[in-house]
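Participant: Any chance you could fold what I've pasted below:
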Amino acid sequence: MPDLTTKYLGLELKNPIVASSSPLSKKVDSARRLEEAGVSAIVMYSLFEEQIIHESLELDYYLTRGTNTYAEALSYLPDIGNYSIGPEAYVENLYQIKQAVNIPVIGSLNGVSTGGWIEYAKKIEDAGADALELNIYYLPTDPDLTSSQIEQADITLVRDICARITIPVGVKLSPYYTALPNLIQRMVEAGASGFVLFNRFYQPDLDLEALEVVPHLILSESYEMRLPLRWIALLYGKVKADFALTSGVHTSEDIIKAVMAGASVTMMTSELLRNGPRRVKTLQEELQFWMEDNEYESILQMRGSMSQQSVAEPSAFERANYIKVLSSYNERSEFSHRVIPPRST
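Facilitator: Just a heads-up that it's a prediction; the model follows:
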């Protein structure tokens, strides 16, 4: 039987199917169901920078209001630093899930700026997380903010997070960077052990009756994995880091493509939300059958076998593929489907 084990962020995993951040990682019962279904690891839902800062400011307000009313009030309360001022419920939930399952649990921090809030990376480590996923979800709107400033801020954040914890850090990125390979290389130098490609930006919609901006969530489809698939194939072997492919992983074929491009693991959310955790067992069986039929003995043997450095036509992953696709379009087929109106007499 083919060996499905893989390694991601230094963790030995029984297969390349990881349950990514979703509502399924919020409860102990659903985390257990994910483990029973066969996922190799669970990524916790994200703890947001804004949540930590909001609760910190709120508690600081209530602890300090009125302290100047009376002289003796200045020494009534201990220093704010002695208080636990963040969303401790997240840390406690992570601890409970870690105690309930026997597979790795990866904590998740979502933020874009360095600061006191990143101390929660240490709290997540202390709660038992096997690794940390740093989710950089940021849409710059300031026209005076340059791309180099954004990239440097992200690298500084990665460096500061990695300096506070000893567990490995994977960085979840969007594809919207000017020079993604260089950014990833610099983040590796800053301490990152792996990368999750890519973050999905949820686009808002407009309610024309209420005249309001409304959130609009659409679950992913398999075609969306082409973008991370391409970048992982381009980056595999060029930087010393692990890659996880997310966005659009739904079938065993999707998993196979991701691994052959160079991914260590695939991360799945939409498929699990649509069809439930039991879907994982079917995916594992199909993956094993395909590997047997195609004489692959292990995931390690498959990994990177279709990356840019391994294929016969490396340019197919780059701009040359754009030209080839356009030139291969069958113009005759296009005209054959047109309805040409009769000539006027």
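
Participant: List the buried residues for stretch 266-284?
Facilitator: 266, 267, 268, 269, 270, 271, 272, 277, 279, 280, 283, 284 (16 or more other CB atoms under 10 Å). Every residue, glycine included, has its C-beta placed from N, CA and C.

Participant: when you check these against the strands, which ones overlap?
Facilitator: Counting by DSSP state E, the buried residues of stretch 266-284 place 266, 267, 268 in strands.

Participant: gap between the residue nearest to the last one when sequence neighbours are not counted and residue 125?
Facilitator: Okay, so that is residue 268. Spatial nearest neighbour of residue 268, excluding adjacent residues (CB to CB, 6 or more residues apart in numbering): residue 249 at 4.9 Å. Using CB to CB, to the nearest Å, residue 249 is found at 27 Å from residue 125.

Participant: Those two: which has the busier surroundings?
Facilitator: residue 249 (33 against 17; other CB atoms under 10 Å).

Participant: Which of the three states applies to the more buried one?
Facilitator: Judged by DSSP: H, G, I helix; E, B strand; the rest coil, the three-state class of residue 249 is coil.

Participant: List the contacts of it.
Facilitator: By CB atoms under 8 Å, 6 or more residues apart in numbering, the contact set of residue 249 is 220, 222, 225, 255, 258, 266, 267, 268, 271.

Participant: Include distance to residue 36 and pLDDT when you put these into JSON lines, please.
Facilitator: What follows is these, written out as JSON lines (distance: CB to CB, whole Å; pLDDT from 0 to 100):
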{"residue": "220", "distance to residue 36": "24", "pLDDT": "80"}
{"residue": "222", "distance to residue 36": "25", "pLDDT": "86"}
{"residue": "225", "distance to residue 36": "26", "pLDDT": "94"}
{"residue": "255", "distance to residue 36": "19", "pLDDT": "98"}
{"residue": "258", "distance to residue 36": "24", "pLDDT": "98"}
{"residue": "266", "distance to residue 36": "19", "pLDDT": "98"}
{"residue": "267", "distance to residue 36": "19", "pLDDT": "97"}
{"residue": "268", "distance to residue 36": "16", "pLDDT": "95"}
{"residue": "271", "distance to residue 36": "17", "pLDDT": "94"}
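
Participant: Now distance to residue 292 too, for the residues you listed, in TSV please.
Facilitator: Converted to TSV, the contacts of residue 249 look like this (distance: CB to CB, whole Å):
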residue	distance to residue 292
220	29
222	23
225	24
255	15
258	19
266	19
267	25
268	22
271	23
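
Participant: so which of those residues would you say is closest to residue 32?
Facilitator: residue 268 (17.2 Å; CB to CB).

Participant: for the closest one, what are its contacts?
Facilitator: Neighbour list for residue 268: 17, 18, 19, 20, 39, 246, 249, 250, 280 [criterion: CB under 8 Å, 6+ apart].

Participant: is the first one in a bridge, and if so with what?
Facilitator: When you say that, I think you mean residue 17. Legend: beta-bridge partners of residue 17 under DSSP bridges are residue 266.

Participant: residues in contact with it?
Facilitator: 38, 39, 40, 255, 265, 266, 268, 280, 283, 284.

Participant: Same question for the third one.
Facilitator: Contacts for residue 19 were tallied using CB under 8 Å, 6+ apart; they are 25, 34, 39, 41, 42, 43, 267, 268, 269, 272, 277.

Participant: Now the phi/psi pair for the closest residue to the fifth one other than its chain neighbours, please.
Facilitator: Excluding its sequence neighbours, the residue lying closest to residue 42 (CB to CB, 6+ apart) is residue 19, at 4.9 Å. Main-chain torsions, residue 19, degrees, to the nearest 10: phi -80, psi 110.
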